[in-house]
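J.: Quick one, fold the following:
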Amino acid sequence: KELLMRKDVGQVIIATAAGREGELVARFILLKSGCRKPLKRLWISSVTDKAIKEGFQNLKDRKAYENLYQAAMSRAEADWLVGINATRALTCKYNAQLSCGRVQTPTLAMIEDREQKIREFRPQTYYGIQAVCRVKDKSVTLTWQSEKGMASSFDEAYIQKTAERLQQKNETVYAETEQVKKAAQLVPAPALYDLTELQRDANKKFQYSAKQTLNIMQRLYETHKVLTYPRTDSRYLTKDILGTIKERLRACSTGPYKALGGPLLAKPLPDKPAFVNDAKVSDHHAIIPTEQYVDLAAMSVEERRIYDLVVRRFFAVMYPSARYENVSVKMKIGSETFTAKGKIIQDMGWKAVYENGEGEEGEESSQKIPPMEKGQRFPVIKLSVTKGQTKPPAAFTEATLLSAMENPIPFLKENNPKEAAILKETGGLGTVATRADIIEKLFTGFLIEKKGNDLHTTAKARQLLKLVPKDL
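T.: Residues are numbered from 1 along each chain as shown. All right, here's what the predicted structure looks like:
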């Protein structure tokens, strides 16, 4: 207050974190101290000296951030009305320390709902038929398909009978090619990281909690100054960043990234890159490297891992799409239909950025199908009945819970279009900046626990959900 009211201070610059809650902190201070001097706003996405100097040369007018302040205020008031009041009411009514809130309670309810489905699940056995035929000197695995296009059936007797009918005694069984389809497929690189996507990947690959990833990101942003603002919900860049891309590439093309960054530095950027879209950037653009020189030796193992994810994704969006040829074959054994699918990679494209050519989760290992033509017959060397069991829905991990918080519409109990529309507009439960804290709060309140990487509700949580008003 003393500083703000000084006679020689003509205007005030808000330079708190460039986000909704940062705005609120500053406005609360100004409100409390009664300061009414002219306001300017420093709005920056990285804290390198260069970015800060540029930010001060382009200070923004307070009016541009009035709605952001109002949004932060609404969030704070909603927390007081719901979280603080309801928590107090529950604690007093049941004489137990019970905590609830607008975001934490629905999140907890989603986890418990999934647990309920897993508890009630009864597995069923299903059956199928697999055939292996010899094409020239290669084996191709075929899967039986019903008339309705299903690859399995719960009727064991029917499958056994069908398999027996196909296996002719002492005679070679043949599979006749009915259809061979080839299709070219282009797979573009995944979009740049926003915080939630980064937290998801870090949880899948390194089992880091959402909070842990945010803390590591914060150090890379504030201390090392090598990455841009972490609490962003955008996966795109704005046009004004394009001019700085080469400088950023030069800064991070050191050590293991030299070979990847080199080819990108040598050629010009495309005129309209897919990763640039002003309309899809609200407060901050996607997380990318800064122009600051990188000292990898100064980073901890955790920091290196998160930095590696961001840098490789940054390179990947500038590489061409990966090119595949998909082959699908339809064959007849007797009167039954069998199919086989294969995939041949023709050009690695952006996948070359990732060490094992991976970078896309859950890519099935695909068989290579040799050249075949309609009408050709091949001997079947093995025919067998396969069996499997239906699986319950998977328990939530932090990665899948973050996805559910981002898009909770499929988890709504009643089909309420109005609520669904609001959730879509607001970007789900919580914000990019608060989701990690919400999950952490559920842990510290002993409402959820981890078994391996899976999240489970505790007895306390199940009790709380019975006591909490249904509306919440």
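J.: Please, where are all the helices along the stretch 351-472 of the chain?
T.: When secondary structure is read from DSSP state H, counting those that start in this stretch, the stretch 351-472 of the chain shows helices at 398-406, 417-426, 435-444, 459-467.
J.: Just name the most buried of those helices.
T.: Counting by mean count of other Cβ atoms under 10 Å, helix 398-406 has the highest mean neighbour count of those, with a mean of 21. C-beta here means a position set from N, CA and C on the backbone, and glycine is covered the same way.
J.: so what secondary structure elements neighbour that one?
T.: If contacts are counted by 3 or more Cβ pairs under 8 Å, 6 or more residues apart in numbering; DSSP states H and E, helix 398-406 sits against helix 104-120, helix 195-206, helix 435-444.
J.: Indicate which one of these is closest to A76.
T.: helix 435-444 (14.7 Å; Cβ to Cβ).
J.: Give me the helices and strands touching the closest one, please.
T.: Against helix 435-444 (3+ Cβ pairs under 8 Å, 6+ apart) you get helix 104-120, helix 195-206, helix 210-222, helix 398-406, strand 448-451.
J.: Check the average confidence over it, would you?
T.: On average, the pLDDT along helix 435-444 is 95.
J.: could you give the angle of that helix to helix 459-467?
T.: Relative orientation of helix 435-444 and helix 459-467, computed by axes from the mean of the first three to the mean of the last three Cα atoms, to 10 degrees: 110 degrees.
J.: Roughly how far does the closest residue to I306 other than its chain neighbours sit from E440?
T.: Among residues not flanking I306 along the chain, I216 sits closest, at 4.8 Å (Cβ to Cβ, 6 or more residues apart in numbering). Distance of I216 to E440, given as Cβ to Cβ, to the nearest Å: 14 Å.
J.: Could you do E336 as well?
T.: E336 is 54 Å from E440, where distance means Cβ to Cβ.
J.: need the helices for the stretch 151-300 of the chain, in chain order.
T.: 156-166, 195-206, 210-222, 245-252, 258-266.
J.: most tightly surrounded among the ones you listed?
T.: It is helix 195-206: most buried of the helices of the stretch 151-300 of the chain by mean count of other Cβ under 10 Å, with a mean of 22.
J.: who's in contact with it?
T.: If you take Cβ atoms under 8 Å, 6 or more residues apart in numbering as the criterion, helix 195-206 is touched by 191, 193, 208-210, 212-214, 216-217, 230-233, 235, 287, 302, 305-306, 309-310, 361, 397-399, 402-403, 406, 432-433, 435-436, 453.
J.: ok, now with 6 Å
T.: Applying Cβ atoms under 6 Å, 6 or more residues apart in numbering, the contact partners of helix 195-206 are 208, 210, 213, 230-232, 305, 309, 398-399, 402, 406, 432.
J.: Of those, which pair is most distant in space?
T.: Maximum distance among the contacts of helix 195-206 (Cβ to Cβ): 22.7 Å, for R305 and E406.
J.: which intervals of this protein have sub-threshold pLDDT?
T.: 169-170, 356-365 (pLDDT under 70).
J.: Pull up the gap between the residue minimising distance to the centre of the chain and A251, please.
T.: The chain has E197 as the residue nearest its centroid, 3.6 Å off, counting by Cα atoms, centre = their mean. According to Cβ to Cβ, E197 and A251 sit 23 Å apart.
J.: what's near enough to touch A189?
T.: A316, V317, W350.
J.: List phi and psi for it.
T.: When read as degrees, to the nearest 10, the backbone of A189 gives phi -60, psi 150.
J.: Strands of the stretch 51-200 of the chain, start to end?
T.: 60-61, 125-135, 138-145, 174-187 (DSSP state E, counting those that start in this stretch).
J.: Can you show me the CA trace of the second one as PDB?
T.: Read it as strand 125-135. C-alpha atoms of strand 125-135 as PDB (Å, rounded to 0.1, in the frame of the first residue of the first chain):
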ATOM      1  CA  THR A 125     -16.200 -66.100 -22.600                       C
ATOM      2  CA  TYR A 126     -16.300 -65.600 -26.400                       C
ATOM      3  CA  TYR A 127     -14.900 -67.800 -29.200                       C
ATOM      4  CA  GLY A 128     -13.500 -67.200 -32.600                       C
ATOM      5  CA  ILE A 129     -11.600 -69.100 -35.400                       C
ATOM      6  CA  GLN A 130      -8.100 -68.400 -36.600                       C
ATOM      7  CA  ALA A 131      -6.500 -69.800 -39.700                       C
ATOM      8  CA  VAL A 132      -2.900 -69.600 -40.900                       C
ATOM      9  CA  CYS A 133      -2.300 -69.900 -44.600                       C
ATOM     10  CA  ARG A 134       0.900 -70.200 -46.500                       C
ATOM     11  CA  VAL A 135       1.400 -67.500 -49.100                       C
END
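J.: so D8 sits in a strand?
T.: No: assigned with DSSP: H, G, I helix; E, B strand; the rest coil, D8 falls outside any strand and is coil.
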